[in-house]
Structure formats: structure tokens, C-alpha cells
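[1] Take this sequence and fold it.
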Amino acid sequence: MARARIELEVQRDFTGGLNLSDDIYNLDKNETFDLQNVDIDRRGGFGVRRGRSVFIQTPTNRHITATGASRTGNVVTATGLSPVNGDPGGLKVGQSITVNFADDTYDGTFIVTGAVGGASTATWAQVLANDASAGAGTIVEGFDAPDSGYTFVDTSNARHILASRAGSTKRWDGSAWQDVIVNPSSGRTTFAEMNNKLYILPPNRTVPRTWTGAGLATALTDVIGNYNDDLTTPNFGNFPACVAMAVHHEVMWAANVNESGPTANQSRVRWSHIAQPEDWRTNDFIDIDKDDENGEIRALVPFGDRLLVFKDKAVYAIHGYPPAGFSVQNLTKELGTRSQAGVVATEDKVYFWDVDKGLWEYDGKGFKWVFEPLFPLIEDNRLNMPFSFQTLVEFYNDRVWVSVPWLSEPYGVTFVGLVYAPNVGKKGAWTLHTETAFGWWVHRGSVGGDVHLVGGDNLTINGLVQGYVFELDTEGVYTDAVSGTVITQAPIEAWYTTRWFDAGHSAMKKRWKRPVVVMRGGQTQRTIVQVLTDYNPARVAKSFDLITTPDELEGEWDVDDWDEVVWAATPGLSGDRAVILRGAPLGPGVAKALRFKNTTAGQDWRIHGLTMKWIPRTIRN
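    So this is what the prediction gives:
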């Protein structure tokens, strides 16, 4: 009797990425309906994403212990203040702080009303009322984890990392965080450079401040009443109160500005004198569709020969060069963005977050909706769309990193990273990273040096919530700032579920044989494979393990004798070797899908290819 023929299907291309928009039975062969914390290789494979490390070991917020406190009215006086965690400073007037006293009586939010750096006594006004009794505890500066940041290179070529939170800004001096702006507010800070100065714009339609690399930032004067119509005689020091700013074609631009009154003109764009960002003429402005129904100007983005102007629901391009004048072209009144942080420009594309439809791409000719595969996240209310103005968009390592506020399970109310790789596959590929981050920015350590993606988040150490600057996309190993011990990031729970394999026959049952998996070898790694059957993604029918180990008797090139050992690559490359592993029989069923899950922390697992095998069964009436 002839043996039944074994059918095969090989998959080496997984570059379609995550697709939630199509029926899971009809995905393209290189797409998946379920993944978490994996990256898709542009050549076709997939594996666990890289981790994150503490980039600067010192917390961004100050922690100060107090031995006692008393209150008169709503003014609290703390005594016996002592900095902890090696922080050299005290508190400053105007700073927002949180207080955690041992008896819980003063826990709450406060604004400092009287204090001197390093002083042993400070007073503050209580914002949220609590009981009026004495206590000892810890005062935590309200700066917390950064929500935005920037790297500024001064005239001496020194590189300064600046981190901002709710309008306040600090700089890292190599040993401690120093104040640049103390300005409690809400919203994200933005930055622009011109004439060797950094212009720092706190949120909520304020006048920017300037900074050159040391000390506190310098306040500028509101340009209202200080316009300079003489282009030949600059007077410096003036700037409009605005929501957005940018440098383009040798002038500084400011948008959504205050005018006399002061009255907010949400559709007005102003530009400065040529090469003089602190001098502005009275009538150098454009009102862009004033009083329309498309919202206010939120962002300015230089892109090639044009300046893009983003409203809530409109995008415009400003063409021309000063002082001859400019023309305005409307590009769309269907799309827009809610903040400067929601837009990023690359050499040839602009990516922006629209609060109704998600991520869009603009290439100078037209708009492309790249969020379509993930749009059910918006349709099904899994994203916190009322707060999607907090969405961050950044570009790093040929990928668009989007930090979105999540609303539903399994991630709850937190920020989640959605990562789009435009150069992977024919359409680009989406993945999902459970990466909490309040601010992302790209930092280059030196001229021609490495580029890092850094952002702000919190760690809880010794019971205190502390804000840190993290580096993303790293090996995930760092030294604890308090204990000095080396910390390996907690296991990243990662998985990738293949599409449904059914041989194109949903009516034909099959006896599924052992799959063959090509994966990364050369290290000790256990990968769990869960077997899903007959289009039911919620039920795991069975599971088995794939085990890789270091090869025995491996030799190192140009060190060992070839007749004594098996040759292997150098140790740094040993994890790049592939191994062929056979799984367990999958059992009967119409269709099968495999979910690959990692179990070992701190190790890089990769799947390069998969061969599914089955024996067809006769279709009966």
C-alpha cells in the first residue's frame, strides 16, 4: 500500500507585520494577526525586540528628606531638609513638588513659595489640602520623568542633553541635573536652534527663552509693543508668545501667537527679520484660513523648500523666501495633528498622527494612510483617543516610533509603542512594543558618533518613584544607580503568531506532521511554541519546546586546530548561526497556526524560516 503523500509549505517572509484590519482568515501570507515585542527583519525573519537601558544613572527629579513639618493655613514649612541620591540642590521658588510623609498627613501636590538651594528649611503652598499635623518624610520634586528632550551643541562643541517635564527644563552636566527653566505648567516643551542659541518654548502659548549652554535660560520680551520695522537696525530680545516655532529659510517662524490685548490668534504665522530671530516687523504675518472650522495651528515643520503648517484638521505649505513674501497652499482639510510632538520629518517623508485616523505619511506630493492595518485599535476604542494629542512620533533606525496612550486591556491605561518600518516588505510593517515612554528624542553622542533613541520613564527604587532618561533599542543591561549592581532588564514577554495554514482548503481535514523551524542557535534558549487549531486564536490545543544550546567542541577561527574541534564563528558572532529544529506533531485539523514565545531573559531569539507539513485526508460527504 502506497504511503500518503506529505504536502509542504515553506514560509521565510514575515515582512507583512501586524495586520488587525483584515479578517484573520484572509491575511496576506507574510502578515500576522497577533504579535508583541518582536521586530521584523527586512529580509524576512522575526525575533524578540531589543530592550532598554538607563542612559543617565541619576534621577531627573530631586529627592529631599525632611525630619519635620508644620503648617500655618495652607503654607507648609519643612525642617531638616537633606538631599538624597547624591543630588546637590535644594528647592526653588515656583517648583511643583510632591510630598510623601511617613504619617501621610502632608502627601499631596505643592508649589514652592520660599526656598534656597541647599537650605535646611523650605516653605510651600499646599495645592491639595491635607490634615494639619507634623511629620517626617520625603519631598520629591514634581519634575518626574521627562516628557520631551533635546541635544544641543554649543559654540565650544560641547553636547548638552536637556530633558523637560511640564514646562520645566534641566540639563545634564555630567554629574547632576541642573535647572535651565523652572516653569510648572502642563504640556510638552519644544526646541529650535538659530545663531548658536537654543530657543526653548514651554507649553501654553508662552514667550520662548534662550540658552547657550550654561546656567538658567534667558527670558525674552513679548514682541507686542516691541516690533522693529527697521531691517537694518536689530534690537534683539523679542519674540511672540506662541504655540509653535521653527527655523526655515533663514528666518524664525512663530505660529498660533498672541496679539495685542493679549488676544490669541490661533491661525496667525509670523516670521522674523532675516537671520535675526529676536526681531520682528509689525506686518510680517500670514493669517491661514482664519476662523475656519479646522482648529488652531499646532505644529510647524520645515520640509525641503516648504514650511508645513499643521492645524487640528488641515495641513498647509508655505512657499517662498524672505523678504519678497510668501504664498500659502492648502494640502488637505481632512487631516491634521494636535501637537508638535505628533510630527516628525525625515529626508524624504513627513509622518504625523491624526487624531481620527492614526499615522499618515506625506512625501511632498500626496498623503498615504499607513495606519490602516492597525485602524481597529481606534475603531474598537482600544486607544485613548481623547488623549491622543499626547501621542509622540519620532524617527530612528529607519523606523517610525509612535508612543500612544492605551485604554483597554491587556495594557490598561498606559503608553504603548507602535513601531512602523516603512522599508520592510512592500507595504511597510507594524509591530507593537510594550514600551512605556513619555518623551522620545534622537541623541547623537559625538560628530559622526553613535545615534541613540532616548526617552523618559519612571523607576521605583527604595519605594520612591524616580524619573530617568532611558535609551531604547539596546541590550537592556544597566548599572543600578543606588546599589551599583548590574541589572538585566526583566524578561520581555514576546510572541509572534503565524497566519493560519490551511493549504487553501478550509473543508479538508489534514494530519499535521512535525514542523521544521530554522532559528538562531549558538546559545541556551528555550522557545515555547503554542499550537492553535481551526481558526480559533483563543484556544491553545497543545504546545512544545524548541531548545537551542551552545555547540560542543567549538573552535575559534585562527586559534584552534581544525582536526581537533568543530570550527565556529568568533564569539561575538556565534549567536548569528542558524539551526534546524523539528517540532512535535501538530495533530489533526483543518488549519493550524503557531505562536512562538520566548522564556529566557536577556537573550536574542530569532526565527528565520518555517516549513509546515501535512497529509491531506479524503473529503467525505
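
[2] can you pull out the strands in the stretch 501-621 of the chain?
    Counting by DSSP state E, counting those that start in this stretch, the stretch 501-621 of the chain has strands at residues 510-512, 516-520, 525-533, 540-548, 554-556, 566-568, 578-582, 587-589, 592-598, 606-616.

[3] Give the buried residues for the helix or strand harbouring residue 487.
    Per DSSP states H and E, residue 487 falls inside strand 486-488. Within strand 486-488, no residue counts as buried by 16 or more other C-beta atoms under 10 Å. All C-beta spots, glycine's among them, are computed from the backbone N, C-alpha and C.

[4] packing partners for that strand?
    If you count contacts as 3 or more C-beta pairs under 8 Å, 6 or more residues apart in numbering; DSSP states H and E, strand 486-488 packs onto strand 477-479.

[5] tell me the average confidence for the strand it packs on?
    Average pLDDT, strand 477-479: 70.

[6] do the same with stretch 213-222
    Per-residue pLDDT over stretch 213-222 has a mean of 95.

[7] contact partners of it?
    For stretch 213-222, the external contacting residues (C-beta atoms under 8 Å, 6 or more residues apart in numbering) are 152, 154-156, 158, 160, 169, 179-181, 200, 207-211, 237-241, 258, 262, 278.

[8] Quick check: residue 496 vs residue 360, distance?
    27 Å (C-beta to C-beta, to the nearest Å).

[9] quick one, which of those two is more surrounded?
    A side-by-side neighbour count of residue 496 and residue 360, using other C-beta atoms under 10 Å, places residue 496 first with 25 against 21.

[10] right, and that one touches residue 605 too?
    No. Using C-beta atoms under 8 Å, residue 496 is not in contact with residue 605; the gap is 10.2 Å.

[11] Residue 232 is nearest to which of the strands of the stretch 501-621 of the chain?
    Closest to residue 232 of these is strand 606-616 (C-beta to C-beta; 63.7 Å).

[12] how much does that closest one deviate in direction from strand 516-520?
    180 degrees (axes from the mean of the first three to the mean of the last three C-alpha atoms, to 10 degrees).

[13] domains for the chain, by residue range?
    Following automatic domain parsing, one gets these domains for the chain: 7-49+494-616, 63-141, 220-336, 342-437.

[14] Give me the average confidence score over the second one.
    What that stands for is domain 63-141. Mean per-residue pLDDT for domain 63-141: 66.

[15] start to end distance for that domain?
    6 Å (C-alpha to C-alpha, to the nearest Å).

[16] So residue 388, which state does it fall into?
    The three-state label given to residue 388 by DSSP: H, G, I helix; E, B strand; the rest coil is helix.

[17] so where do the helices sit in the stretch 251-400 of the chain?
    In chain order, the stretch 251-400 of the chain shows helices spanning 376-379, with DSSP state H, counting those that start in this stretch as the criterion.

[18] Could you list the low-pLDDT ranges of the stretch 501-621 of the chain?
    By pLDDT under 70, the weakly predicted segments of the stretch 501-621 of the chain are 551-576, 601-602, 621.

[19] Downstream of the helix or strand hosting residue 417, the next helix or strand is which one?
    According to DSSP H and E, residue 417 maps onto strand 415-421. Downstream of strand 415-421, the next assigned helix or strand under DSSP H and E is strand 429-433.

[20] Out of the strands of the stretch 501-621 of the chain, flag the one nearest residue 288.
    Between residue 288 and those, the tightest spacing by C-beta to C-beta is seen for strand 606-616, at 49.1 Å.

[21] roughly how far is the closest one from the heart of the chain?
    Computed by C-alpha atoms, centre = their mean, to the nearest Å, the chain-centroid distance of strand 606-616 equals 35 Å.

[22] for stretch 205-212, same thing?
    Its chain's C-alpha centre and that of stretch 205-212 lie 25 Å apart, by C-alpha atoms, centre = their mean.

[23] what do you get for stretch 322-339?
    On C-alpha atoms, centre = their mean, the centre of stretch 322-339 falls 27 Å from the chain's centre.

[24] Buried residues, it. List them.
    Neighbour count says stretch 322-339 has 322, 326, 328, 331, 332, 335, 336, 337, 338, 339 buried, by 16+ other C-beta under 10 Å.

[25] who's in contact with the last one?
    Residue 339 sits next to 187, 188, 298, 299, 389, 390, 391 when contact means C-beta under 8 Å, 6+ apart.

[26] ok, it to residue 350 distance?
    Noted for residue 339: a distance of 15 Å to residue 350, by C-beta to C-beta.

[27] Ok, the fifth one next?
    Distance, residue 332 to residue 350, by C-beta to C-beta: 12 Å.

[28] Same question for the third one.
    Separation of residue 328 from residue 350 (C-beta to C-beta) stands at 17 Å.

[29] same deal with the second one?
    Note on residue 326: its distance to residue 350, by C-beta to C-beta, is 19 Å.
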